[in-house]
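> Sequence plus predicted model, see below.
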Amino acid sequence: MIDVVVVDDQALLRGSFRVLVDSAPDLRVVGEAGDGAEAVERVRATSPDVVLMDVRMPGVDGISATREISASTAARVLILTTFDLDEYVYSALRAGASGFLLKDTPPAELLAAIRVVAAGDALLAPSVTRRLVAEFARAPRPRAPRLDGVTEREREVLTLIARGLSNAEVMRELHLSAGTVKTHVGRLLHKLQARDRAQLVIAAYESGLVTART
């Protein structure tokens with residue numbers, strides 16, 4: 001059973017998400033919160049697997065709550081955003097979010113997304129990756145030599161992940177088996193101390209491996 005906490009400042013939306021999540025036999029809502037501060041409290045009290053997190057809320061916003069939850073608990077945060085061009089994408093990923101989803105996503109896709117994030121993967125669509133490129137092109141950022149010990153093949157895999165490719169797409173691009181790609185991804189997660197693919201994308205950009213021109 002996958003435990004979920006729903007965070008949104010609109011009670012009607014929280015209720016709708018609760019009904020939807022509870023309709024799945026393998027999912028259940030164990031808590032709700034109307035702002036970021038309450039979200040942190042509920043997560044600590046219930047230890048969910050996944051947190052559905054709104055970004056724009058009064059008081060403590062979703063990014064600050066995501067940062068605290070990711071730093072102090074094992075819960076994975078799935079950001080719910082109203083607009084695909086949400087300016088907080090980069091900040092939320094840096095805060096530890098495992099993925100993004102539009103609030104008008106079809107119900108079946110939302111439930112599938114919760115399962116994906118709970119399994120330890122990340123939802124990072126190419127549209128999100130493009131916004132990361134735009135953010136890095138616009139703003140100066142520190143570059144740290146974090147890729148020492150990463151092999152040439154692992155760098156190739158990391159570059160494709162940063163472009164938003166799935167494991168299957170990496171397989172086709174580099175002509176590798178599923179097991180080999182999975183091994184490379186696992187080693188990258190370990191070497192770069194990343195929680196998931198979303199954090200690998202951040203590492204790829206901040207190391208300078210991938211740039212706005214890549």
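All right, it came through fine. Numbering: from 1, shown residues only.

> And the average pLDDT for stretch 5-17 is what?
Stretch 5-17 shows an average pLDDT of 94 in the prediction.

> again with stretch 39-47
On average, the pLDDT along stretch 39-47 is 96.

> Show me what counts as buried in that stretch.
By neighbour count with 16 or more other CB atoms under 10 Å, stretch 39-47 contains the buried residues 39-40, 42-43. Yep, even glycine has a C-beta here, placed from its N, CA and C like the rest.

> how far does stretch 17-35 stretch from start to finish?
For stretch 17-35, the first-to-last residue distance is 16 Å (CA to CA, to the nearest Å).

> Okay, buried residues for it please.
For stretch 17-35, by 16+ other CB under 10 Å, it's 17-18, 20-21, 24, 27, 29-35.

> among those, which are in strands?
Those of the buried residues of stretch 17-35 mapping onto strands are 27, 29-33, per DSSP state E.

> Any stretches of this structure with poor pLDDT?
83-88, 122-145, 212-214 (pLDDT under 70).

> about what we covered before: which one of the buried residues of stretch 39-47 sits closest to Asp104?
If you rank those by distance to Asp104 using CB to CB, Ala39 comes first, at 21.7 Å.

> got the contact list for the host helix or strand of that closest one?
Assigned by DSSP states H and E, Ala39 falls within helix 36-46. Contacts to helix 36-46, defined as CB atoms under 8 Å, 6 or more residues apart in numbering, come from residues 3, 5, 7, 30-33, 51, 53, 57, 59-62, 64-65, 68-69, 72-73, 75.

> how about a cut-off of 6 Å?
Defining contact as CB atoms under 6 Å, 6 or more residues apart in numbering, one finds that helix 36-46 is touched by 5, 7, 30-31, 33, 51, 57, 59-61, 64-65, 68-69, 73, 75.

> With stretch 48-55 instead?
So stretch 48-55 is in contact with 2-8, 30, 43, 62, 66, 75-81, 88, 114, 117-118, going by CB under 6 Å, 6+ apart.

> Would you mind checking those for buried ones?
2-8, 30, 43, 62, 66, 75-81, 88, 114, 117-118.

> Which members of these occur in helices, if any?
43, 62, 66, 114, 117-118 (DSSP state H).

> Return the distance of stretch 56-69 from the chain's centre.
15 Å (CA atoms, centre = their mean, to the nearest Å).

> try stretch 166-177
For stretch 166-177, the distance to the chain centre is 21 Å (CA atoms, centre = their mean).
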